[in-house]
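Asks: mind folding the following:
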Amino acid sequence: MLAVFRNSRTAFALAFGLIAASGCGSKSKFKFDCMDVLPAEEELNEFPLGQYKIPVPLVDTPGHSRFGGCNRLQFDFELFALVSPKEQSQFKDAWTRHEGVIRDRVIDICRRATADELMEPELSTLKARLTDALATQLGERRLRQLLINNVVSQEL
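Replies: The predicted structure follows:
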């Protein structure tokens with residue numbers, strides 16, 4: 001009886017060793033494993049759309065403590081468009097033709113913005129409004145995204 005017990009224990013140890021040595025086969029590949037090392041689908045270039053210094057009238061909004069007694073705000077920033085390198089020359093031509101209209105629209109949209117929109121961390125609402133307004137002049141397919149840099153806002 002002891003010999004049978006030893007043989008079954010030896011057989012079990014041998015079977016376990018074979019299973020452990022063979023492993024689970026090759027590692028399964030997930031399509032997301034390689035995504036971190038893939039290059040960007042499309043490279044985009046920054047195209048400058050000017051510097052702006054816009055006085056913005058503030059509507060009295062109750063509960064907004066940052067601009068309590070102030071009724072105007074100076075909103076300064078630089079505006080850039082992200083453009084495909086293939087379409088950059090067409091974008092430049094559209095900018096040259098419509099620069100005055102585009103600058104007027106940027107100023108108008110910023111002057112109509114609320115204090116809350118101007119205080120958003122990423123200025124998402126303002127960028128969305130600017131993108132919608134400028135796409136008609138610059139081309140909807142050409143204008144991929146707007147960047148607003150060097151933002152300074154101060155009470156007047």
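Asks: what's the top helix by length along the chain in contact with?
Replies: Longest helix in the chain by number of residues (criterion: DSSP state H): helix 88-112. The contact list for helix 88-112 (C-beta atoms under 8 Å, 6 or more residues apart in numbering) reads 45, 47, 49-50, 52, 54-57, 75, 79, 81, 83, 118, 126, 129-130, 133-134, 137-139, 142-143. From N, CA and C alone the C-beta is placed, and that goes for glycine too.
Asks: which ones among the residues you listed are found in helices?
Replies: Taking DSSP H as the definition of helices, the contacts of helix 88-112 contribute 118, 126, 129, 130, 133, 134, 137, 138.
Asks: of the residues you listed, keep whichever come out buried.
Replies: Taking 16 or more other C-beta atoms under 10 Å as the criterion, what is buried in these is 118, 126, 129, 130, 133, 134, 138.
Asks: got a list of what the third one touches?
Replies: Applying C-beta under 8 Å, 6+ apart to residue 129 gives the contacts 109, 113.
Asks: ok, it to residue 104 distance?
Replies: For residue 129, the distance to residue 104 equals 14 Å [C-beta to C-beta, to the nearest Å].
Asks: the first one now?
Replies: From residue 118 across to residue 104, the span is 19 Å (C-beta to C-beta).
Asks: re earlier: tell me which residues in the longest helix of the chain are buried?
Replies: Quick answer for helix 88-112 (16+ other C-beta under 10 Å): 91, 94, 95, 98, 102, 105, 106, 107, 109, 110.
Asks: rewinding a little: closest to residue 153 among the ones in helices among the contacts of helix 88-112?
Replies: Closest approach to residue 153 among the ones in helices among the contacts of helix 88-112 (C-beta to C-beta): residue 118, at 6.1 Å.
Asks: the closest one contacts residue 56, doesn't it?
Replies: Yes - Residue 118 lies in contact with residue 56 (C-beta atoms under 8 Å); the separation is 6.7 Å.
Asks: anything in contact with each of those two?
Replies: Shared contacts of residue 118 and residue 56 (C-beta under 8 Å, 6+ apart): 73, 75, 110.
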